[in-house]
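>>> structure for this input, please:
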Amino acid sequence: MPNIITLSREFGSGGRELGKRLADELGFAYYDREIITEIAEQTGMNENYIEHTIENEVVNFKWHPLTFAKTFPQVSAISNTTVHILSLQHNIVREIAAKGNCVIVGRAADSVLSSYNPYNIFVYADDESKLKRCRARASDDERSQDLSDAKLLKQIKQIDRNRAEYHDIISSKKWGDKSAYNICVNTTGIEIKSIVPVLAELCKIWFER
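The predicted structure follows:
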């Protein structure tokens with residue numbers, strides 16, 4: 001069975017960088033936005049529309065039972081397009097996992113791929129570190145908005161709420177709850193690349209059991 005690492009992360013915590021560096025260190029394939037791109041190619045939909053649907057429209061229906069996202073029944077309150085996107089995303093995540101060793105960022109992959117017994121990582125950081133990282137990596141358009149720390153932090157927390165609500169529709173375990181992960185990594189004040197070798201060794205121990 002392939003060795004699978006899933007990585008959930010708070011926005012601005014450096015989880016994406018950590019996932020990519022970890023994949024490179026282990027020689028694993030890496031998947032993040034590539035999953036959205038694949039959905040777009042299969043459906044002809046715009047990538048931004050797909051991402052908006054997953055991150056915003058789906059979480060409006062968090063009151064649905066846990067079985068919703070696992071079985072995708074035709075629930076009248078949710079558009080067929082949304083159900084189709086979610087179903088495709090889950091199928092693509094499973095197809096990716098079946099191909100071989102990989103690191104998958106987000107997409108509630110820890111729950112979708114639970115049968116693979118993946119090594120599940122959660123990455124977080126304090127607010128100051130997340131603000132600093134977001135500003136350092138902002139595009140020119142984002143910098144032109146000249147957001148205050150308070151407004152930027154509000155956006156960060158909203159993104160995290162959406163991620164948590166989406167994950168918790170899919171999974172029986174809470175997003176960010178330490179019991180749902182093999183390890184929780186606090187990147188506050190830490191250079192991401194400095195912790196990758198240690199984390200890679202922990203992953204190897206898990207897979208060699």
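>>> helix, strand or coil for residue 8?
Three-state call for residue 8 (DSSP: H, G, I helix; E, B strand; the rest coil): strand.
>>> OK, contacts around it?
15, 106, 110, 120, 121, 122, 123, 163, 167, 175, 176, 181 (Cβ atoms under 8 Å, 6 or more residues apart in numbering). In this view, the C-beta of every residue, glycine as well, is placed from N, C-alpha and C.
>>> please name the bridge partners of it.
residue 122 (DSSP bridges).
>>> pLDDT value on it, please?
According to the prediction, residue 8 has pLDDT 97.
>>> in the chain, what spans have low per-residue confidence?
Applying pLDDT under 70 to the chain picks out residues 57-79, 140-144.
>>> the helices in it, which residues?
Taking DSSP state H, the helices of the chain run over residues 15-26, 34-43, 47-52, 67-71, 80-99, 109-112, 127-136, 140-144, 149-170, 192-207.
>>> which among the contacts of residue 8 end up buried?
15, 106, 110, 120, 121, 122, 123, 163, 167, 175, 176, 181 (16 or more other Cβ atoms under 10 Å).
>>> on that earlier part again, distance to residue 186 added to the helices of the chain, as CSV?
Rendered in CSV, the data for the helices of the chain read as follows (distance: least, Cβ to Cβ, whole Å):
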stretch, distance to residue 186
helix 15-26, 11
helix 34-43, 26
helix 47-52, 27
helix 67-71, 29
helix 80-99, 26
helix 109-112, 18
helix 127-136, 9
helix 140-144, 25
helix 149-170, 15
helix 192-207, 10
